[in-house]
Structure formats: C-alpha cells, structure tokens
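In: return atomic coordinates for the entry below.
(chains A and B)
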Amino acid sequence: MEIKRLKKIAYENGILAAQNERLHIEALAFLETSGERFHNIRRAKMDCAIFDRHSIEITAGELLAGRFSNSFSAPEEEKELYHKARKMMDASPLGGHWSASTGHRVLDIEKLLTVGVEGLLAEIEEKRLALDFSQPEDAEKAVVYESMKISLEGFCRFARRFHDKLEALAEAEADGELKAQYQAMAANFSKAPYKPSSSFYEALQTSWLLQTATCLVGDISLAGRPDSYLYPFYLKDTKAGVITKEFAEDLVASYYFKHNELYGAWPASIMVGGTGWNELSEIMLDAIRRTGLVNPSVAVVYTPDMPERILEKCVGLIAEGYTKPSFFNDRVVREGLEAAGVSAEDAKNYIHSTCVEITPIANSNIQVATPYINPTKALEHVLGGGQPLFGNEAWLERSTPINVKTFDEFLKSVKAALSEIIRSRMVVNAFDSLARKRYASSPLASALTCGCIEKGLDAGAGGAKYNFIYPCFPGFVTLVDSLAAVKKAVYDDKVITIKELSEICASNFDNTERTRQYLVNRCEKFGNGLEDVDAIAVDMYDFIRNELGRYRHCQVTGTFHPSYFAWIKHGELGMQAAATPDGRRQGEALSENLGASQGMDRNTPLGVVQSISKIEQKYGIGGIATNFRFSKSFLSTDEGKKALASFIRHFMDAGCFEAQFNSVDQETLLKAQKNPEKYATLMVRVAGYSDYFTNLSKEIQAEIIKRTEHSQT
Amino acid sequence: MTLVSSIQRFSVNDGPGVRTVVFTKGCSLHCYWCHNPESIKPLPQIQFFAAKCISCQACASECPIPEGLARFNPSCKACGKCAKACYSGALKLVGKSYLIPDLVAELQKDKGMMDRSGGGVTFSGGEPLLHPQYVSQAMSELKREGISSCIETAGNVPWDAFQLVLPLAKLFLFDVKAAQESQHRRGTGSGNGLILSNLKKLREAGAPVVLRVPVVPGFNCDVDSIAAIGKIALLPGNKKQKIELLPFHGMCAGKYESLGLEFPAADTETPDEATMERLRRTLRDMGLDA
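Out: Residues are numbered from 1 along each chain as shown, chains lettered A, B, ... in the order given. Just a heads-up that it's a prediction; the model follows:
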C-alpha cells in the first residue's frame, strides 16, 4: 500500500543537489574558527556549525528523517562576508575533507548502533586520560581526541534538532495517522544516536542519520552491508511482533528512496548476502524492483552455497532490464584482501565502494581510482621513439631505454616506460598523502573508523587500520591487444615494420584502412581464450601489480593495488591517446574493464571467462569489473535465465572477480546497426537459431529491432 | 574427412543445459528452408560478407584462377587463399578439419559451464551421422572427460550409423519434417522411409528421443500435417513423447547471400505465435508433450 505514496514523496523531494547553505555556513565558520591552533579542531567546529545551523526539513508522510533544505538565500548582510570567507577558504589548504576516501568509505555503523555515541565518547575519554604526555605525539593525539569529541557531540545535537522538529510537527498535526507517524519518528531520536539503538526502525534511522550527517558536511560515507548490521534488530522486532515484514519492506523502500535523494547520481553501494543470507537480504534485493531507481547500487556477495532460489531472483531482475545486482566473488575478494595484509576476520566484511573498488568496512581509509593511469601511453612512448604520438603531454618525467629489435626488447621497453609513468603518478600521490596528513581531517568519520581512536590519529593522517591506494588502469586491454598486434604484425608475420606501424598510428590510419582491418581482424584479441594474447595479459597484469608493490604511503598498510575498471574515464583518456596498434582509432574510447575490448569478445561470454580466469584476479582488490551483455529475448526464456544462473556460478568457480550484466535493448541494436565493428559480437537468438547481429542483412536486423521493441511493451 | 562448419558455445536450445554445438558439414537431405546452408555441402566453401568488404582487392590478387575473384564461380575450388588474404574478415573459408584430440581439447575449455548447467556437447550439422566413426570416437573421448553428448539428426542415414553412437548419446534430437512420403520428398528431396524406420528402431532400443519439427508455412504449417507427424510421435502406453515445434524464420538469409546461393524460402513468412500455439495445442490434445 505504501510504495506508491513513498514513490510519490521521493519524486517530489527530488535530489538534494543544492549546497549553497552548507557552503555559506562552512565559510563563515571558517572565519569564526580562524583562531584555532589545530586544524583538526577547526574542522570539527566547522562541521558542528553545519550541524547546528543548517536548516532541516521533514516531508509529511516519509518514514525516515534526514532531509536538509534544498533552497537557500543568504541574508543580505552576510553576502559580502561570505564571498570573502569563501575565497580565503578555497585558497587555504585547511579547507575541506579531501583528506580521505570521501564518498567511498563505510564507517563503523555497527558500533554506533551497539555502543552509541555515549560508548564512543567513553572510549575516547579513556584513551585521552591514558596519555601521560611523556611522548612527543601525545599532544597531537589529545588534539585528535578533542576533535572527535566535538564532532560526535555536534552529531548528537543534529539528531536532537530532528527530534524537536518532529515533536513540534506531531503537536501541530490534526490528522491522527500522520501525528502518530511523527511521534514514532521522534521516538527514534529520543535516545539514539547518543544511546545504543534497540529497535529495527530506530537502528535504520540512526544509520541513515549518520549517512545524512557525513554527506551534509561533504565527507560522504556509504551504507555498506545493512542486511548484516540491521538483521539482529529485524529478527528481534519481527519475532516479538513489534514490526511486520510488510512494514520493514516499506522502511527499506524508504531507505532506498532516501539514497536517491541524498546521493543523486553518486553510486551509493549496498552489498547483500555472502555467508549470511537472511530475510532482510531478500527484502533488500526485492526493493530494487519495488523502488526502481538508480540508487542504491546493490551488489551480491557470491559464495558457492548461495541458495539457487536467490540466484534465480537476481537473474530475474537482470532479465527484467535492471542492471543490478552485480556479483562479487567472495572467495577471490577475501583472498585478495588477506594477501594485502587484511586480517581474515576483517576480510569478511568489505564493500564495493561505488563501482568495484574493494574497501574493508569500518576500518579503512582507501583512496580509490587514484589516479587514473592510461597504460597505452607507455606503448605510444616506445612507438614514438620517446615522444607521444598524440598530444603534447609528457607522461614520463625521466626518459627510459627504447629497443625494438625483437619483441622481447620491445616489451621490455614498454614496461620500462610504464614503470616510469607509474612512478611519476606516485610522486603526486606521495605529496597528496603528505598534505592530507598535515592539513586535512575528518573528525566524525575518524571517530567511527577502527584504528583512529586506538592510534589517536585522524583517518586522513593514516589512523585507519587499512590505508590502501588503488591506481586505476583503464585501457589495460587496449594495451594488451596492441602488444599482441605488434608481436604478430611486426615480429611474427613481418607484414609491417615498427617504424611503419608507428607512422600509421600517428597518422590515425590515414589511407591505411587495409592494415587497420588486418590489425583488427587478424591479430588475437584478449577475451576469447586465445593463448598468445592471454599470456601477454597475464604478464602485464603481474608486471603492474609488482610495480605498484614498490610504493608505500603514510603507514605500513599504505600499499598500492591496481584497479581494472574505467567508470567514464576510458572515453576521456581515449581522447588523449593516439591510435593504437589494435586498430583503435585516435579519440575512440579505450578498453573499459577487464574483459574483451569493445566488440572483441567473438567467442561468447565463455571465451571471456577462459581469458580472464588466467589472471590471478585476487590481486585486483582495487576493483575488477567484467561486463556481459545478453539480449532481452534470450533472457525472456526459462532456458536463457537458467543459462545465466549457471554462467554466474561458472564465472565464480573459474576464480573471476566481479560480473555485471546488461540485457540488450532496442537502443543498443540500433547503435550496433550504425557501428557494426564495435558490436561485432552482439548475439541475437530466436528459437534455436542464433547469429551475430552484425552478420545479418539490414532487413533482418530491422525485423529484430522491431521484435525487441515489441518485447519491451 | 569430416569438416566442421562451426563450433558454437553457449547454446541453450540444443539439448539439456548449456551446450557447445559442433556443426559438421554434409547433409543427405536438401530442405529448401535449411537454416544452416553452410553445412549442406561436405566440402570447404567460401563465405563472403559484403558489408565487411573494404574493396581492397587483396583477394583478387591471391586467387589462382586466371580471371581472379572466382568465389561463387563454378571453377572455384575453395582453396581459401582469398580468405587468408582478406584483411577485413569479409571472406571466410567455412569447413575446418580437427583431429579428435584437438576437437576434444577445444570443447573441454567450457567444461565448468557444462557441469554447472547440466549441459555438454551436441553434434549437429548438416547431418552428423554421415560421419559416424568420427562423431562416435569424439563422443567416447568426451565421455572419458566426463562430458555428455547429444546428437541432432535428420535421421536419413543407415541404421549402422545410429548403432555406433547409440551407447554414447545422452539424447537424440530427431527431426521429423513430414509424415507423408510425398510431402517429405517435396520439401527435402528425399522420402522419409529410412527416417521413420530409424526412429522406430531408436525407440525400440530405448534411446531417449526428443522430436523436432521445423514449421514451415507452405510446407507443413497446418493442423493436418502436424497432426500426422503427431501420430508418428505417439508412444505406446502412458509415456508422453516430447516434441518441439520450431518456427521457420528468415534470419539465415544473410548466410545464403554469403555463400552466393539463392534462398529458396526467401519469401516464406515466419509463422506467428498464435499459429504456433494452435499447432502445439493440436499435439498436446493428442497426448504429446509439446
């Protein structure tokens, strides 16, 4: 009954995009706190100014509170001051939270629910009292503890404001049902978050308030695994008859709608399942369909004992055209985390922080996709004899040796160049790390990040238990395909010299379509289970991992691990990259994820698994994404759905990291008709017969497009 | 020598689970609606996909026939030199021979998927049972590797061929195109005597069989034709024979074009879902699992 009403509220509430009020309060607070000697305390006070002054709202009928005002006009008399303050703040290194993995972390929500702010404050106080100032860093620790205390108290006042507002609304409300609802919502704030939460509704509200508060101050944190930390409350309340399953479903729907309101297009991740599938996990899966919006980005933790019924449910969602859930291979991710030094216990509890970047929950401060590195630039550098073939940007700070007599030498030269590109990016990272330590802090987030209280260190300064950095390599497969093409065309078949290849790449295949076609069609492409090119992929993957292994930042746990996904960067980086020897033209997107380059998976999804399973994917905790496309018509049949379910299990058995699925709609088919090369592998199936879409005659393509249109209505 | 026209992974319509289908070349029927025209002839053939051609003429310069560019020309021996020279992938030589260990190694790559889905390998064609020695040997190698095999057959082969694969096949997907001898001859160029006698023997031998009927308007897309096939399909006792009706469609037109062949069924329409359902109901009413 509720879902329609909740959906209506969500649509009317829209997205909390406007930040004017926050920026205003923050800038004025920046001035007010300019006498603070320590940046941590200054930041805590600025955060508190936002908690205390930012206008808040409640929309009649919503089940979770946590809305702040979307519209703001600054008082006339403050405008000039604000502009001055903002300028000063923007020019100051003390400005923001860029400290940490803003947007990618999950705080210790479970701890907040179990011990409350009260418990956190007690722990901090105990630590503070234990300082005897015999050590030089004791004063620094005391400052950090003070900043945490200030922030936590501010957070409680923020909650109190919602409580008071709800009570006032209840008081003034004539409608009995609405009045009761306001009262129930106010009750959620009567003791929590200061005290531990005791009911499901209260716990959900408390965790949501934390997400709201961190987003409001611009230090975004995510939900993580609510089916795990909320389940004890759910179980207790449903058993005792305090709530019905239906009400819990509505609360979860509200929670999903709230995610859309708060995060907008930012993929706010939730992970469900794993070893503890429970009723709440299923409610959270079903809520994908019930709410039908982009957020949250729901992923499933796959373990071999995942119940068939739930897998079928997931497949059903994909068949209906949802791009969620995605699937993470629990075994591989955990092995990877453990290999990176995460304890076996901590490795059980992680999240895909937005895309596929693996972040341990409650105890980490991880820089994801930092930075994006285009590895094809190393190849370009070697082909260009030390100069890029396109653009002026110098990707290498120091020159590296170039020898191209044999393929082995060529490969060695590319590796040397890539090593130097990585080093130059690490220099940037090293200074960022240093700046974070000196100037930035996240007092509220640090109080809820395991390790920070213990060490008396802000998360930005390396206080968290785990502090990885994940450089990301979009275009990795473009590099691999290109190396395979160089090997075959130049060194094995000798159809072209390295100089000629360099020239045609520099000229963007001007008047050399025939050679380009050769490179596209006659040279092996990764993602098809082919030996030569797959071996190159394994070699380059191991090389990159080992290169990153040489670097450290902040703490011993500050190690570097690669990511293989692209978000939207493969397009942007493709614009800056010359034409590549795999036949990709200048300006075209680089390869996106770990799989075949666009349109090059000529051997079905099984060929992709054959290739990528040769790679030790556990070392890709920075995140590995693999996309698959199935046509809507295929997934509309029972056989198709069963096949997809088996495929997911097979993918996981083979040791692959993550799989995400699209069911292909009419729009894609139209694109494929226009640009067949990029969709060479798009398969369509109709009753027993299947073929590559692009092999079909124009008339038949039109017929299939028509049919797709039909099946969508 | 047995030639394979293609190996197709991830097939869900050719036996239980997800299967890899091996299409062999050569067929003893010549159905005018054939969906796999590249597998009718037992010899290698050149396929040309015009949309991919960049008109670079690399093929013409390699062609051993004096006038050049002999594809689809009676003098073309499908030597494959043009396809080898082709840069864009517009030309393909269809028909590849595999040594059995190589074929098995290729098929084994997806064993994980076969196991998870309860699938395996299906030999289809063309007519796989025109190569009974090769196919049965491959099947027994696959069996040793724990991979099951199905046979998709039109049935128009000597019984001896069936006998070779009988102990190895998990399932026979057996085509029946028409019940009437004359009708069958009109559509396929051959009578159905051998086919029906093989079907009978296969059933007597207790082999698991699923019947398949291509439903082709203008040939057998009517209640009478399908009911006549249903009669043949009926099993004694209470056992329900599974029978699948597969609607004709013109999606293979591009393949005929690529082979330089006329598509005799080019003007045939795909039967609509209502018609298909009516025909299926006819069979169900007779007591069949359709």
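In: only C-alpha atoms for contact and neighbour calcs from this point on.
Out: Will do.
In: and A:Leu64, how close does it get to chain B?
Out: 43 Å (C-alpha to the nearest C-alpha, to the nearest Å).
In: so the closest residue to that residue other than its chain neighbours is in which element?
Out: For A:Leu64, ignoring the flanking residues on the chain, the nearest one in space by C-alpha to C-alpha, 6 or more residues apart in numbering or on different chains is A:Gln205 at 6.2 Å. When secondary structure is defined using DSSP states H and E, the element that contains A:Gln205 is helix A:200-216.
In: just give me how far that helix sits from the chain centre.
Out: Here helix A:200-216 is found 20 Å from its chain centre; the criterion is C-alpha atoms, centre = their mean, to the nearest Å.
In: who touches that helix?
Out: In this structure, residues lying in contact with helix A:200-216 by C-alpha atoms under 8 Å, 6 or more residues apart in numbering or on different chains are A:22, A:50-51, A:64-67, A:109, A:112-113, A:155, A:159, A:188-189, A:192-193, A:197, A:220-223, A:230, A:233-234, A:237, A:251, A:255, A:262, A:444-445.
In: from the chain's centroid, how far away is the lowest-mean-pLDDT helix or strand in chain B?
Out: One helix or strand of chain B scores below all others by mean pLDDT, DSSP states H and E: helix B:58-62, with a mean of 87. Using C-alpha atoms, centre = their mean, the distance from the centre of helix B:58-62 to the centre of the chain it belongs to is 32 Å.
In: return stretch A:369-388 as PDB; C-alpha atoms alone will do.
Out: Provided in PDB are the C-alpha atoms of stretch A:369-388 (Å, rounded to 0.1, in the frame of the first residue of the first chain):
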ATOM      1  CA  ALA A 369      40.900   5.200  -8.600                       C
ATOM      2  CA  THR A 370      43.800   7.300  -7.500                       C
ATOM      3  CA  PRO A 371      44.900   8.200 -10.100                       C
ATOM      4  CA  TYR A 372      43.600   7.000 -13.400                       C
ATOM      5  CA  ILE A 373      46.600   5.900 -15.500                       C
ATOM      6  CA  ASN A 374      46.400   5.300 -19.200                       C
ATOM      7  CA  PRO A 375      48.900   2.400 -19.800                       C
ATOM      8  CA  THR A 376      48.700   2.700 -23.600                       C
ATOM      9  CA  LYS A 377      50.800   5.900 -23.200                       C
ATOM     10  CA  ALA A 378      53.800   3.700 -22.400                       C
ATOM     11  CA  LEU A 379      53.400   1.900 -25.800                       C
ATOM     12  CA  GLU A 380      52.900   5.200 -27.500                       C
ATOM     13  CA  HIS A 381      56.100   6.400 -26.000                       C
ATOM     14  CA  VAL A 382      58.100   3.500 -27.300                       C
ATOM     15  CA  LEU A 383      56.500   3.600 -30.800                       C
ATOM     16  CA  GLY A 384      57.200   7.300 -30.900                       C
ATOM     17  CA  GLY A 385      60.800   6.800 -30.000                       C
ATOM     18  CA  GLY A 386      60.400   8.700 -26.800                       C
ATOM     19  CA  GLN A 387      57.700  11.100 -27.800                       C
ATOM     20  CA  PRO A 388      54.000  10.700 -27.600                       C
END
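In: thinking again about what came up before, how about the helix holding A:Gln205 as CSV, C-alpha atoms only?
Out: Once non-C-alpha atoms are left out, helix A:200-216 reads as follows in CSV (Å, rounded to 0.1, in the frame of the first residue of the first chain):
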residue,chain,number,x,y,z
PHE,A,200,14.9,-2.0,13.8
TYR,A,201,13.2,1.3,12.9
GLU,A,202,15.5,3.2,15.3
ALA,A,203,18.6,1.5,14.1
LEU,A,204,17.8,2.1,10.5
GLN,A,205,17.1,5.8,11.3
THR,A,206,20.3,6.1,13.3
SER,A,207,22.4,4.7,10.4
TRP,A,208,20.6,6.9,8.0
LEU,A,209,21.2,9.9,10.1
LEU,A,210,25.0,9.2,10.1
GLN,A,211,24.9,8.9,6.3
THR,A,212,23.0,12.2,6.1
ALA,A,213,25.3,14.0,8.5
THR,A,214,28.5,12.9,6.7
CYS,A,215,27.1,13.8,3.3
LEU,A,216,25.9,17.2,4.7
